[in-house]
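Trainee: Got a sequence here, can you model it:
(chains A and B)
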Amino acid sequence: MHSPMEQFEIKRLLAFHIGSLDASFTNSALWMLIAVALATVVFVFGMSRKAMVPGRLQSAAELGYEFIAGMVRDNVGSAGKKYFPFVLTLFIFILFCNLLGLVPYAFTPTSHIIVTFAMAATVFLGVTIIGFAKHGAHFVSFFVPKGVPFVLLLLLVPIEIISYFVRPFSLSIRLFANMLAGHTMLKVFGGFVVMLGLYAGWAPLAFIVAFTGLELLIAFLQAYVFAILTCLYLNDAIHLSH
Amino acid sequence: MKKSVYSALTAALVVGASGGAQAAEGGMPQLNFHDFAPQLVWLLIAFVVLYLIMSRLAVPAIADTLEKRQAKIQGDLDAAEKASEDTRAAVDAYQKRLANAREEARGLTRARSEADASSATAELTKLGEKLTAQVDAAEQRISGQRAKVMEGLEDMAHDVAADVYAKLAGSAADKGALGAKVAAAAKGSV
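Mentor: Model (predicted):
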């Protein structure tokens, strides 16, 4: 029987290098592109009619837009408008990768730490650069909580600094671990169905059905969490608020 | 936090359960460093492509549509508000005209009835005067006739007295004395 971890294996569909860089087209890349294509279908072809009374696809596109627009407006304010397309892209990309991953035989690009870490590191670096660009050296004061006695600062400043630099790790591991755990659980219980056979296999099968529902929720929730934390980090950098 | 601990446990369980084959390969496929580069390359490509599609095509289209819809809704609301105001104004004007017409009608009726009443009074007065005049004329006529009748009666009484006297006395009576007696008698009887 296959290992539950086999579903996470990267397969090179088209192996090639650019210089010394391995740029092979893998199953991960394929499902990323499918996610991009599907998002394009919803957001570009869904919006092609620009109807006053939207159809299903247009409603979905507008719903996603307004969801993230509201999130950015509420958490970052009007200064966040510039970064709205990025947050929307981030949310839609993660959401579509997560949801497509639940299709049988599909690959989940977000179940790989390197992918989630690359996104989290981009957010972290971007936010830090925005912070320094907006406030210059004054951005360092973000690590110094206001109205705290000096003795406590000796303790709090290192904590603030550590918690700041932990952000890309917590952000990436949260998404990766959720995807990994969910898909592994599905596979393990799938194995139980086969093992227990026709008589007792129904119990794990029922569990899989229920768990798939939960996984749908988690697929959305993790994309939401990633997007809203990006908004909160942006807000910190723009408004230097705690 | 709970979730990641849980997932780590699951991963450990799975790695343990799947035996030595996985461990020999280096455990989780996620930790296979050879696979990092192609994933990063294609993540960059996919993400940049999606970002360009979103920021150049989707976001302007949706923003435009939402704005137009908002404008349309606002315009429709304004038009409805205006129509409602117009209706209210028309109703007010109608009520005013109705009240005016009613007032006018009442005035006309009152004027008419007043005119009728005054003309009736005038006619009545005229009629009264006419009747009074007729009554007066009739009374005059009656008194004239009565005077005439009384004169005729006295003459007749003279004649009758003269005849009676002539029959009884056999001679003609003294006209003057008889006349005085008859006049006295007539005065006494009347």
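Trainee: can you give me the helices for chain B?
Mentor: B:2-17, B:20-25, B:36-52, B:59-169, B:175-189 (DSSP state H).
Trainee: Flag the shaky bits of chain B, pLDDT-wise.
Mentor: Counting by pLDDT under 70, chain B shows low-confidence ranges at B:1-26, B:188-190.
Trainee: check which helix or strand covers the residue of chain A most remote from its centre.
Mentor: Residue farthest from the centre of chain A, counting by Cα atoms, centre = their mean, is residue A:199 at 39.3 Å. According to DSSP states H and E, residue A:199 maps onto helix A:150-200.
Trainee: pLDDT averaged over that helix - what is it?
Mentor: Mean pLDDT, helix A:150-200: 93.
Trainee: what's the following helix or strand after that helix?
Mentor: Toward the C-terminus, helix A:150-200 is succeeded by helix A:202-239 as the next helix or strand (DSSP H and E).
Trainee: how much does that next one deviate in direction from helix A:150-200?
Mentor: 160 degrees (axes from the mean of the first three to the mean of the last three Cα atoms, to 10 degrees).
Trainee: Neighbours of the residue lying closest to residue A:29 once chain neighbours are set aside, how many?
Mentor: Of all residues not flanking residue A:29 in the chain, residue B:42 sits nearest, at 3.4 Å (Cβ to Cβ, 6 or more residues apart in numbering or on different chains). (Glycine included, C-beta is placed from N, CA and C.) As a burial measure, residue B:42 scores 22 neighbours (other Cβ atoms under 10 Å in any protein chain shown).
Trainee: Now for residue B:42: which residues touch it?
Mentor: Counting by Cβ atoms under 8 Å, 6 or more residues apart in numbering or on different chains, residue B:42 makes contact with A:23, A:25, A:26, A:28, A:29, A:32, A:33.
Trainee: okay but residue A:219 is in contact with residue A:106, surely?
Mentor: No. Residue A:219 lies out of contact with residue A:106 (Cβ atoms under 8 Å); the separation is 11.8 Å.
Trainee: out of those two, which sits in the busier spot?
Mentor: A side-by-side neighbour count of residue A:219 and residue A:106, using other Cβ under 10 Å, places residue A:219 first with 24 against 18.
Trainee: Could you check the pLDDT of that one?
Mentor: 97.
Trainee: Leaving out the residues flanking it, which one is nearest to it?
Mentor: Looking at residue A:219 with Cβ to Cβ, 6+ apart, the closest residue is residue A:98, at 3.5 Å.
Trainee: just to revisit the earlier point, any idea which of the helices of chain B is most buried?
Mentor: helix B:36-52 (a mean of 19; mean count of other Cβ atoms under 10 Å in any protein chain shown).
Trainee: what ranges of chain A fall below the confidence cut-off?
Mentor: A:1, A:241-242.
Trainee: list the contacts for the closest residue in space to residue A:65 that isn't next to it in sequence?
Mentor: Once flanking residues are discounted, residue A:65 sits nearest to residue B:62: 4.5 Å by Cβ to Cβ, 6+ apart. The contact partners of residue B:62, by Cβ under 8 Å, 6+ apart, come to A:43, A:47, A:61, A:62, A:65.
Trainee: Recalculate using a threshold of 7 Å.
Mentor: With contact taken as Cβ atoms under 7 Å, 6 or more residues apart in numbering or on different chains, residue B:62 is in contact with A:47, A:61, A:62, A:65.
Trainee: Residue B:166 now?
Mentor: B:172, B:173.
Trainee: Tell me the secondary structure at residue A:53.
Mentor: coil (DSSP: H, G, I helix; E, B strand; the rest coil).
Trainee: burial count for it?
Mentor: Residue A:53 has 7 nearby residues by other Cβ under 10 Å.
Trainee: quick one: it from residue B:65, how far?
Mentor: 11 Å (Cβ to Cβ, to the nearest Å).
Trainee: What of residue B:27?
Mentor: Counting by Cβ to Cβ - residue B:27 and residue B:65 are separated by 49 Å.
Trainee: same thing with residue B:181?
Mentor: 141 Å.
Trainee: Format the contacts of residue B:42 as CSV; extra columns: secondary structure.
Mentor: Formatted as CSV, those follow (three-state DSSP):
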residue, secondary structure
A:23, coil
A:25, strand
A:26, strand
A:28, helix
A:29, helix
A:32, helix
A:33, helix
